[in-house]
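1. structure for this input, please:
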Amino acid sequence: MIRLNLSFLLLSIPLITHPGAKAAMYSIVHDFLFDPLHKTTNPLREMAKQLQVQFKRSLFVEVLKWIAFLVILVSIAFWSSRTEPWQGFITIVAIYGLVFWHLISTFVYPVMTYDQKASISNSIKITGRLVLSKPFECFFYSITSFLLFLVSVLLMGPILVVVPVFIAILATLGYQQLIGSDFENVFTMASKGY
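-> Modelled structure (predicted):
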């Protein structure tokens, strides 16, 4: 797990290759969790291969995600500065949009790696439907991932070496649990020591 995380950190150039490296890490975590006998001998080589496969899709998703975030923040700032009482309602809707954005951000990579041939719009639609159908469960996984990230940033030490993979594992297993996937195979293989 540490080697996978170090590979992620090595290939993750902020704003350039970070989305691709993140998608590659999620893909490798997905393969490892649901095919425990798949032994990756060199995580850096596997990450580089997946980075090439996932780069364009993940970069496009990341750009869409941050554009949506900026639009939501601007709308919150705009509508909260208005004085009419009915305009406060629009601010509340924009805040719900921010929460919805955060929930979708948590699960978009597991959805993309679960079906790598799905289009970007289809992956976002699937994620949106999941968030709308199970908002409280999604909120639990999202908050847990965020708190794990926050603790790692506050500690700023060796824990940063493992946290991205833990978040990927949490989101991937959370997505599988939310869609009702069968974990019996995963846990049976793990209990046998594979």
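
2. could you use CA atoms for every contact and neighbour count after this?
-> Fine.

3. which helices and strands sit right next to the longest helix seen in the chain?
-> Ranked by residue count, the top helix of the chain under DSSP state H comes out as helix 43-80. Helix 43-80 sits against helix 2-11, helix 18-34, helix 85-114, with contacts defined as 3 or more CA pairs under 8 Å, 6 or more residues apart in numbering; DSSP states H and E.

4. give the buried residues for that helix.
-> 43-44, 46-48, 50-51, 54-55, 57-59, 61-62, 65, 69, 72, 75-76, 79-80 (16 or more other CA atoms under 10 Å).

5. the inter-axis angle of it versus helix 2-11?
-> Here helix 43-80 runs at an angle of 60 degrees relative to helix 2-11 (axes from the mean of the first three to the mean of the last three CA atoms, to 10 degrees).

6. quick one: helix 43-80 to helix 85-114, angle?
-> Taking the same axes, to 10 degrees, one finds helix 43-80 and helix 85-114 inclined to each other by 170 degrees.

7. tilt between helix 43-80 and helix 18-34?
-> Using the same axes, to 10 degrees, helix 43-80 lies at 120 degrees relative to helix 18-34.

8. what's the spacing between helix 43-80 and its chain's center?
-> 10 Å (CA atoms, centre = their mean, to the nearest Å).

9. average pLDDT across that helix?
-> The predicted model assigns helix 43-80 a mean pLDDT of 87.

10. one more: stretch 18-31?
-> Per-region confidence: stretch 18-31 scores 85 on mean pLDDT.

11. check contacts around the residue most central in space within the chain.
-> For the chain, the residue lying nearest the average C-alpha position, counting by CA atoms, centre = their mean, turns out to be T106 (4.0 Å). Taking CA atoms under 8 Å, 6 or more residues apart in numbering as the definition of contact, the neighbours of T106 are 141-142, 145, 171.

12. what about G157, how many neighbours?
-> G157 has 9 neighbouring residues, counting by other CA atoms under 10 Å.

13. so that it lines up with my notes, have the first residue be 169 from now on.
-> Right, with 169 as the first residue, what we last looked at is G325.

14. now for the one helix or strand L315 maps to, which elements pack on it?
-> For L315, the enclosing helix or strand under DSSP states H and E is helix 303-323. Using 3+ CA pairs under 8 Å, 6+ apart as the contact criterion, the secondary-structure elements in contact with helix 303-323 are helix 253-282, helix 331-346.
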